[in-house]
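Engineer: Structure for the following, please:
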Amino acid sequence: MIVVDDGSRDETPARLAELAAQEPRLRVVAHGESRGVAQARNAGIRAARGEWVAFLDDDDLWSPQKLRAQIDAARAAGAAFAYAAAAWLDERHRFLRVPRPPQPEGLAAELLHWNVLWAGCSNVIAQAALVRRLGGFDERLFQLADWDLWIRLALAAPAACCDDVLVGYVMHPESMLLTDRRDVFLEFDRLVAKHADAARAHGVAFDAARFSRWVALGHLRAGRRRRAAATYARGALRHRDPLSLARAAGALLGPGSIEAGRVALRLARAGRADHVRGAAPPAWLERYGRSSSTAAE
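Structural biologist: Below is the predicted model:
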């Protein structure tokens with residue numbers, strides 16, 4: 001196990017030193033100053049010695065069977081990388097829902113439209129040699145570096161899917177998307193331009209309107225109503241999306257004014273094909289001492 005400490009300023013270095021003294025299989029790569037997620041992950045890739053490489057962000061959770069299950073699935077399918085279903089958890093680690101993982105067939109086309117590999121970097125496992133051949137994570141990107149690498153992996157090699165829930169993806173108001181002040185929309189435009197030829201070849205286009213709504217929803221979940229409203233309004237004008245304009249008004253007026261809309265949204269989600277209906281909290285969550293109860297939305 002390689003832990004990349006990307007310039008932390010808390011007790012992390014001391015705790016890592018204590019662990020490393022007791023566990024020879026733990027290796028620490030320390031950055032004196034924060035270099036960002038792409039450089040941190042690339043540092044881990046350079047230090048890795050195994051055939052496969054996997055990533056776990058510090059706020060997410062893995063099933064104890066994750067690596068074994070994904071490696072077995074990849075080898076059985078002759079694939080160079082694998083992914084799994086992921087449970088969405090709130091900041092109190094309560095179970096929300098499970099987005100349905102995409103099938104490997106047509107994965108590249110789906111990724112060139114929307115990031116369908118949920119749970120950020122904590123989901124995918126890939127052959128280390130392939131990741132290095134592709135150049136690792138694009139260090140010019142700070143938010144969407146994982147999406148960019150998944151696109152390049154899917155264009156380069158076959159994938160395998162584990163339908164079991166093997167990752168816990170924690171959604172909280174201190175996520176990098178919400179705390180980083182850099183303009184994520186400029187980065188999205190950069191991602192679109194980088195893969196424009198591949199998108200045209202597959203006959204698809206990146207879903208800019210959905211990306212705008214996704215960013216706005218993150219701010220709304222974090223209680224930043226004004227910023228959410230501004231993002232919804234920007235998306236409504238840029239993508240001619242009247243629903244986003246209504247959401248902007250609702251974000252400003254507060255939760256009470258959009259309660260009816262929330263009820264309708266919950267009913268719509270219940271039948272959505274991109275979520276697993278009736279999914280239950282995975283039993284392995286209890287091993288972390290987390291609450292696996294279902295949160296109300």
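Engineer: Please count neighbours and contacts with C-alpha atoms only from this point.
Structural biologist: OK.
Engineer: Let me know the average pLDDT across stretch 204-211.
Structural biologist: Regarding stretch 204-211, the rounded mean pLDDT is 96.
Engineer: Kindly report the same for stretch 251-265.
Structural biologist: Here the average pLDDT along stretch 251-265 is 54.
Engineer: Which residues does the closest residue to Asn123 other than its chain neighbours form beta bridges with?
Structural biologist: Among residues not flanking Asn123 along the chain, Tyr83 sits closest, at 5.7 Å (CA to CA, 6 or more residues apart in numbering). Beta-bridge partners for Tyr83, by DSSP bridges, are Cys161.
Engineer: Run through who's touching the helix or strand where Ala21 lies.
Structural biologist: Assessed by DSSP states H and E, Ala21 sits inside helix 12-22. With contacts defined as CA atoms under 8 Å, 6 or more residues apart in numbering, helix 12-22 is touched by Asp5, Leu26, Arg27, Val28.
Engineer: hang on, the first one packs against Arg35?
Structural biologist: Read that as Asp5. No: if you go by CA atoms under 8 Å, Asp5 and Arg35 don't touch, sitting 10.1 Å apart.
Engineer: of these two, who's got more company?
Structural biologist: The neighbour count for Asp5 versus Arg35, taken as other CA atoms under 10 Å, is higher for Asp5 (18 against 13).
Engineer: Validate this expectation: that one resides in a strand.
Structural biologist: Yes: assigned with DSSP: H, G, I helix; E, B strand; the rest coil, Asp5 falls within a strand.
Engineer: Now it: closest residue in space, sequence neighbours ignored.
Structural biologist: Nearest non-adjacent residue to Asp5 (CA to CA, 6+ apart): Ala30, at 4.8 Å.
Engineer: ok, that neighbour - contacts?
Structural biologist: Val4, Asp5, Asp6, Gly7.
Engineer: rewinding a little: can you give me the mean pLDDT across the helix holding Ala21?
Structural biologist: Averaging pLDDT along helix 12-22 gives 94.
Engineer: ok, now stretch 143-162?
Structural biologist: Mean per-residue pLDDT for stretch 143-162: 97.
Engineer: before we move on, the earlier item: tell me the one of the contacts of helix 12-22 nearest Leu67?
Structural biologist: Leu26 (16.7 Å; CA to CA).
Engineer: where's the residue lying closest to that closest one once chain neighbours are set aside relative to Arg25, distance?
Structural biologist: For Leu26, ignoring the flanking residues on the chain, the nearest one in space by CA to CA, 6+ apart is Met1 at 5.0 Å. Distance of Met1 to Arg25, given as CA to CA, to the nearest Å: 6 Å.
Engineer: Val3 now?
Structural biologist: Taking CA to CA as the measure, Val3 falls 11 Å from Arg25.
Engineer: So for those two, which sits in the more crowded spot?
Structural biologist: Higher neighbour count among Val3 and Arg25: Val3, with 18 against 11, using other CA under 10 Å.
Engineer: what sits opposite that one in the beta ladder?
Structural biologist: Beta-bridge partners, per DSSP bridges, of Val3: Val28.
Engineer: Confirm for me that it is in contact with Val28.
Structural biologist: Yes: using CA under 8 Å, Val3 is in contact with Val28, at 4.9 Å.
Engineer: what about the stretch 51-200 of the chain, any weak spots by pLDDT?
Structural biologist: 173-181 (pLDDT under 70).
Engineer: quick one: the strands in this structure?
Structural biologist: 2-6, 27-31, 52-54, 61-62, 81-89, 95-97, 125-127, 159-170 (DSSP state E).
Engineer: Just put those strands in JSON lines and tack on distance to Arg190.
Structural biologist: Converted to JSON lines, the strands of the chain look like this (distance: least, CA to CA, whole Å):
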{"stretch": "strand 2-6", "distance to Arg190": "25"}
{"stretch": "strand 27-31", "distance to Arg190": "27"}
{"stretch": "strand 52-54", "distance to Arg190": "25"}
{"stretch": "strand 61-62", "distance to Arg190": "30"}
{"stretch": "strand 81-89", "distance to Arg190": "25"}
{"stretch": "strand 95-97", "distance to Arg190": "31"}
{"stretch": "strand 125-127", "distance to Arg190": "24"}
{"stretch": "strand 159-170", "distance to Arg190": "25"}
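Engineer: Could you say which of the ones you listed is packed most deeply?
Structural biologist: When neighbours are counted by mean count of other CA atoms under 10 Å, the highest per-stretch mean among those falls to strand 81-89, a mean of 27.
Engineer: what's that one packed up against?
Structural biologist: Of the remaining helices and strands, those touching strand 81-89 by 3 or more CA pairs under 8 Å, 6 or more residues apart in numbering; DSSP states H and E are helix 66-77, strand 95-97, strand 125-127, strand 159-170.
Engineer: All good on my end, thank you.
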